[in-house]
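> Have a look at this fold, sequence not included:
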Ligand SMILES: Nc1ncnc2c1ncn2[C@@H]1O[C@H](COP(=O)(O)OP(=O)(O)OP(=O)(O)O)[C@@H](O)[C@H]1O
Ligand SMILES: [Mg+2]
């Protein structure tokens, strides 16, 4: 079967390199158009829907980032590859944020570029899959089992459509219970690796001295107790996805070994000398700020950039409260399937006002408990929710407040109570306005407003 010609736009101000590369791409059957400036590239993009864009980042005038952004807005399904100078992974990571699908270093062998382009066909096939996903998304507010319709989740879904089919390494950050593993699984199941295994390993759950053997396997007699050889997680995940949870807890020594596998795609088992080659996509997750660990010297910078090719950040639940009703429905269906158990509006208000330090996992547990308590009834009420969600304000007033003989200046009195509670909330949260606002069931902006009016410079 003949394949349709791929139309490629090649943008670089380095004329020699551009012309040589264009020649070689033409030999490989690509239809190549060249642009020496960003302006020219934008003009061409407006006229013609290329399949592939290959661009340098540092162009005079309109730079590569703007070309990428414009092409993404015009043609979401286009393949975008960035060419970077040596040793500037930061720029590449930046470009991925603007919508590049892959990057390659300037001194690469031509074959490496070809290899990436060969994947282009698959990527395009997936792009049409994504159109299908998008239509599903409208219906269910989901991407491969991930629930959400808030602005940050919609953005995440869009990002997932682009990055899931690519082979790049992904780093997912987020507080505990925000759904990092759910996202990792969805990525695997929406990639061309879905027919192979998704292997998950929680790096913090395994003692340091065993972790290496767990990752890379070991030969018989490699250490005391190794009475037979065993394959490690990398081998198990061959052609599939390896999910490394809590990667920040890995020792610096092991980080080094992980870096080597990511770069060279091969390793030896513990106690073995045979080199094993694997094709594994790594998705790492962490709930600690790896960038800070890098500056403190507890996490290798080179590994950080290797892992962080595509960063995905899962916002805490309190920053996407509009997802809570959707989650409530989702978990009610899960724990009381087929039933028509409802949730009262007051219970819903309590759910939406709470700070959820344990995020979605905590919400899920709260609803599981509520379903158990509400069994046999038609509606879950706020009394079925865990104690920390019970409305406390009801217990406050009348017991403490008395009306003095001479009456009271109600507005002044209320203001002083408000001022007092705001001070306490800030004190308890060490002046963290987000957390203080949560404690007071206020929006952060409302709290800031009030502080301004109080003339306090907290
Ligand atoms: N967007 C979501 N849609 C559906 N379920 C979700 C979503 N986010 C989280 N969950 C559910 O919440 C629970 C916690 O999710 P998950 O295990 O992925 O969190 P995590 O970020 O990996 O947490 P930890 O850092 O503690 O390992 C799971 O039961 C998962 O099914
Ligand atoms: Mg997890």
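Received, thanks. These numbers were taken from a predicted model, which means no experiment stands behind them. Residues are numbered from 1 along each chain as shown. Ligands and ions are numbered 1, 2, ... in the order given.
> give me the number of residues near the closest residue to ligand 2 within the chain?
Closest approach between the chain and ligand 2, counting by CB to the ion: residue 181, at 4.2 Å. From N, CA and C alone the C-beta is placed, and that goes for glycine too. Using other CB atoms under 10 Å, residue 181 is surrounded by 16 other residues.
> Centre of the chain to whichever helix or strand it is part of, how far?
In the assignment (DSSP states H and E), residue 181 maps to helix 180-189. The gap between where helix 180-189 is centred and where its chain is centred comes out at 10 Å by CA atoms, centre = their mean, to the nearest Å.
> Could you check that helix and say which residues are buried?
Of the residues in helix 180-189, those buried by neighbour count under the rule 16 or more other CB atoms under 10 Å are 180-188.
> Run through who's touching the next helix or strand after it.
Sequence-wise, the next helix or strand downstream of helix 180-189 (DSSP H and E) is strand 198-202. Strand 198-202 is contacted from outside by 181, 184-185, 188-189, 214-215, 233, 236-237, 240-246, using CB atoms under 8 Å, 6 or more residues apart in numbering.
> For strand 198-202, what does the pLDDT average out to?
Mean per-residue pLDDT for strand 198-202: 94.
> How about stretch 431-442?
Rounded mean pLDDT across stretch 431-442 is 91.
> Flag every buried residue along it.
433, 435-442.
> so how far is that stretch from its chain's centroid?
The answer for stretch 431-442 is 25 Å, by CA atoms, centre = their mean.
> again, but for stretch 103-117
Using CA atoms, centre = their mean, the offset of stretch 103-117 from its chain centre is 26 Å.
> With stretch 378-386 instead?
33 Å.
> who's in contact with it?
With contact meaning CB under 8 Å, 6+ apart, stretch 378-386 is reached by 332, 340-344, 346-347, 349-351, 366, 369-371, 373-374, 389-391.
> Quick one, which of these are buried?
332, 341, 343, 347, 350-351, 366, 370-371, 374, 389.
> what packs against whichever helix or strand residue 83 is part of?
Residue 83 is part of strand 79-84 when elements are defined by DSSP H and E. Packing partners of strand 79-84 (3 or more CB pairs under 8 Å, 6 or more residues apart in numbering; DSSP states H and E): strand 52-56, helix 64-74, helix 89-97, strand 102-105, helix 110-140.
> give me that answer again for 6 Å
Counting by 3 or more CB pairs under 6 Å, 6 or more residues apart in numbering; DSSP states H and E, the packing neighbours recorded for strand 79-84 are strand 52-56, helix 89-97, strand 102-105.
> what's the nearest residue to residue 303 if we skip its chain neighbours?
Excluding its sequence neighbours, the residue lying closest to residue 303 (CB to CB, 6 or more residues apart in numbering) is residue 259, at 4.5 Å.
> what's the distance between the one you found and ligand 1?
23 Å (CB to the nearest ligand atom, to the nearest Å).
> my guess is that residue meets residue 304, correct?
No - Residue 259 is beyond contact range of residue 304, at 9.7 Å (criterion: CB atoms under 6 Å).
> Which members of the buried residues of stretch 431-442 are positioned in helices?
433, 435-439 (DSSP state H).
> Distance to ligand 1 added to the residues you listed, as CSV?
As requested, those are exported to CSV (distance: CB to the nearest ligand atom, whole Å):
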residue, distance to ligand 1
433, 25
435, 19
436, 25
437, 23
438, 19
439, 23
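> residues touching residue 45, list them.
By CB atoms under 6 Å, 6 or more residues apart in numbering, the residues touching residue 45 are residue 71.
> would residue 267 count as being in a helix?
No - applying DSSP: H, G, I helix; E, B strand; the rest coil, one finds residue 267 to be strand, outside a helix.
> show me the contacts for it.
216, 261.
> residues from the stretch 201-350 of the chain in reach of ligand 2?
Counting by CB under 5 Å from the ion, the stretch 201-350 of the chain comes close to ligand 2 at residue 245.
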